[in-house]
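Colleague: What shape does this take:
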Amino acid sequence: MTEALTPDSPVMTDALASGNAAQIPLETQESGTAPHTPEQVEAAVHSIADRSRQAARRMGQANRAWKDRALHAIGVALREQQGLVLAANAKDVEAGRTNGTSAAMLDRLTLTTARIDGLVAALENLAGLPDPVGNVVRGQTLPNGLRLRQVNVPLGVVAAIYEARPNVTVDIAGLALKSGNAVILRGGSAAAHTNAALVTILRDALESVGLPADAVQSVDQFGREGANVLMRARGRVDVLIPRGGRDLIQTVVNNSSVPVIETGEGNVHIFIDESANEDMAVDILLNAKTQRPSVCNTVETLLVHSKSTVLPAVAAALRSAGVTLHVDARIQAALSGTVDTVPADDVDWATEYMDLDLAVAMVDGLDDAVAHIRKWSTGHTEAILTNNLTNAEKFIAEIDSAAVIVNASTRFTDGGELGLGAEVGISTQKLHARGPMGLTELTTTKWIVQGEGQIRG
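Modeller: Numbers count the residues shown, from 1 in each chain. So this is what the prediction gives:
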């Protein structure tokens, strides 16, 4: 067995390569000196991927203490250089406003001192979590004496394509490093200045503790063509994770030859059952819709039992918070003009608004609510508000989504909130991971078979 490497291992101190040729700064890209022909971009991205693979081999052998040291170093560097990060982010936010970016997207794009503190706290939390690498999933000794172990090992080179979410740059990098992987990032033009600053900080922090800087790289400098090459880099990249809206996710799913873990699109539902408590319903709906409407675990459709009495209070609270209610005819009649609404149609039931809009429909019971969710859900998160234990258990059993919640906000479908430290994304598929993806989800397994000369008869 190969021993875990430590910072003083000669193989590491001698073999760390600078490999910065393809890490072209944003300023160089803007000056027009970056590779620009398809052939040049392909060669540059392949070079990044090849160096990532070399870095992944080293990261896969680094022990927990060394990886945790890197996470702490990144956290310290983010705090020390937050002025630089915020200045870069201000450029991106101002460009977004100038280009007419929606308020929801601007919220995703914006970093603040508090949000940087949150990123640092997530890194520190990650450092405190167990290392999944080497964990024995199962094992046994066969009758012929062979000793078997199935153990968690890193995926290798993980690529991520996302948009206007600079926090994801740090979250994904931290998770990838702790789980022994190398990561290639494509964060999009909307956050180009912020991501360039963050990637520089991440790489410098890795080098400061003796780990390869190439464990974190970006292809942002090569624009959309760089993303296209990344999607075609099968054999160089082990897995690709898109994180963003429907258009981005489907573009990656439909065009990638690299294996994809589909994440994120969240047409999230809350069903208010007949027995739901009014105060709880108001509090949960306000939190699930208005706390941060631009994220994927925000509720987008509210289903209300026809015998529930909480609708007027919930609707009034949502309207007071600035939420536009897109309602069916039954909801409109029930509110009797007491709250401003707009008519809803099938487009609304299928829409992930990611803004202060909410589709609202009336149903005659749990079965109708389940039927509606099955028709329109993207498989992300669904919740029921009820005081009926039988209905709660039936809802859990019949809803086939990555997360099912009873009497709590859908905003809890989040890696940090669920104790995973952070998340790469929320997988809405069933292979290889489902729900918030933390450290374990960035590993695969291998079988270790140890014998004493056995042969198969």
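
Colleague: For the closest residue to residue 211 other than its chain neighbours, the count of nearby residues, please.
Modeller: Spatial nearest neighbour of residue 211, chain neighbours left out: residue 70 (5.4 Å); criterion: CB to CB, 6 or more residues apart in numbering. The way it works is simple: take the backbone N, C-alpha and C, and place the C-beta from them, glycine included. As a burial measure, residue 70 scores 28 neighbours (other CB atoms under 10 Å).

Colleague: Show me which positions of stretch 307-327 end up buried.
Modeller: Counting neighbours by 16 or more other CB atoms under 10 Å, one finds that the buried residues in stretch 307-327 are 308, 310-311, 314-315, 317-319, 323-327.

Colleague: Would you point out the most distant pair within those residues?
Modeller: Taking CB to CB as the measure, the buried residues of stretch 307-327 span a maximum distance of 21.3 Å, between 308 and 324.

Colleague: hmm, back to that, what is the nearest of the buried residues of stretch 307-327 to residue 285?
Modeller: Looking at those and their distance to residue 285, the nearest is residue 314, at 5.3 Å (CB to CB).

Colleague: Please save the CA atoms from the helix or strand hosting that closest one in CSV.
Modeller: Taking DSSP states H and E as the definition, one finds residue 314 inside helix 311-320. Output for helix 311-320, consisting of C-alpha atoms alone and laid out as CSV, is shown next (Å, rounded to 0.1, in the frame of the first residue of the first chain):
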residue,chain,number,x,y,z
LEU,A,311,-54.4,31.0,2.7
PRO,A,312,-55.5,34.6,3.4
ALA,A,313,-52.7,35.1,6.0
VAL,A,314,-50.0,33.4,3.9
ALA,A,315,-51.0,35.4,0.7
ALA,A,316,-51.1,38.7,2.6
ALA,A,317,-47.7,38.1,4.2
LEU,A,318,-46.1,37.2,0.8
ARG,A,319,-47.6,40.2,-0.9
SER,A,320,-46.4,42.5,1.9
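
Colleague: What are the contacting residues of it?
Modeller: Where contact means CB atoms under 8 Å, 6 or more residues apart in numbering, the residues beyond helix 311-320 that reach it are 272, 278, 281-282, 285-286, 289-290, 302, 304, 325, 331, 334-335, 338-341, 358, 360.

Colleague: Sitting in helices, which of those do you find?
Modeller: 278, 281-282, 285-286, 289-290, 331, 334-335 (DSSP state H).

Colleague: Those, buried ones only, as a ChimeraX selection?
Modeller: Buried residues within the ones in helices among the contacts of helix 311-320, by 16+ other CB under 10 Å, are selected in ChimeraX with:
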select :281,282,285,286,289,290,331,334,335
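
Colleague: quick one, longest helix in this protein?
Modeller: Under DSSP H, the chain gives helix 38-59 as its longest helix.

Colleague: on contacts alone, who are the packing partners of that helix?
Modeller: Under the contact criterion of 3 or more CB pairs under 8 Å, 6 or more residues apart in numbering; DSSP states H and E, helix 38-59 touches strand 157-162, strand 182-186, strand 216-218, helix 223-231.

Colleague: Going by neighbour count, list what's buried in it.
Modeller: 41-42, 44-46, 48-59.

Colleague: how far off helix 278-290 does the helix holding residue 314 point, in degrees?
Modeller: In this structure, helix 311-320 runs at an angle of 30 degrees to helix 278-290, with axes from the mean of the first three to the mean of the last three CA atoms, to 10 degrees as the basis.

Colleague: Tell me which stretches of the stretch 301-450 of the chain form strands.
Modeller: 324-327, 342-343, 357-363, 381-385, 403-406, 426-427, 435-436, 443-450 (DSSP state E, counting those that start in this stretch).

Colleague: Next: the stretch 101-250 of the chain.
Modeller: Shown for the stretch 101-250 of the chain, the strands assigned by DSSP E, counting those that start in this stretch span residues 136-141, 147-154, 157-162, 182-186, 216-218, 239-243.

Colleague: Partner strands of the fourth one and their direction?
Modeller: When you say that, I think you mean strand 182-186. Sheet pairing for strand 182-186, assigned by DSSP bridges, gives strand 157-162 (parallel), strand 216-218 (parallel).

Colleague: between the ones you listed, which gets nearest to residue 453?
Modeller: Closest to residue 453 of the strands paired with strand 182-186 is strand 157-162 (CB to CB; 36.5 Å).

Colleague: Measure how far the closest one is from the centre of its chain, please.
Modeller: Centroid separation between strand 157-162 and its chain, computed with CA atoms, centre = their mean, to the nearest Å, is 11 Å.

Colleague: a markdown table for the ones in helices among the contacts of helix 311-320, including distance to residue 147?
Modeller: Compiled in a markdown table, the ones in helices among the contacts of helix 311-320 are given as follows (distance: CB to CB, whole Å):
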| residue | distance to residue 147 |
| --- | --- |
| 278 | 60 |
| 281 | 55 |
| 282 | 58 |
| 285 | 55 |
| 286 | 56 |
| 289 | 54 |
| 290 | 56 |
| 331 | 63 |
| 334 | 66 |
| 335 | 67 |
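
Colleague: between the ones in helices among the contacts of helix 311-320, which is closest to residue 227?
Modeller: Distance from residue 227 was checked for each of the ones in helices among the contacts of helix 311-320 by CB to CB. The minimum falls on residue 289, at 32.0 Å.

Colleague: close enough to count as contact, the closest one and residue 355?
Modeller: No. Shown here, residue 289 and residue 355 do not form a contact pair, counting by CB atoms under 8 Å, at 9.9 Å.
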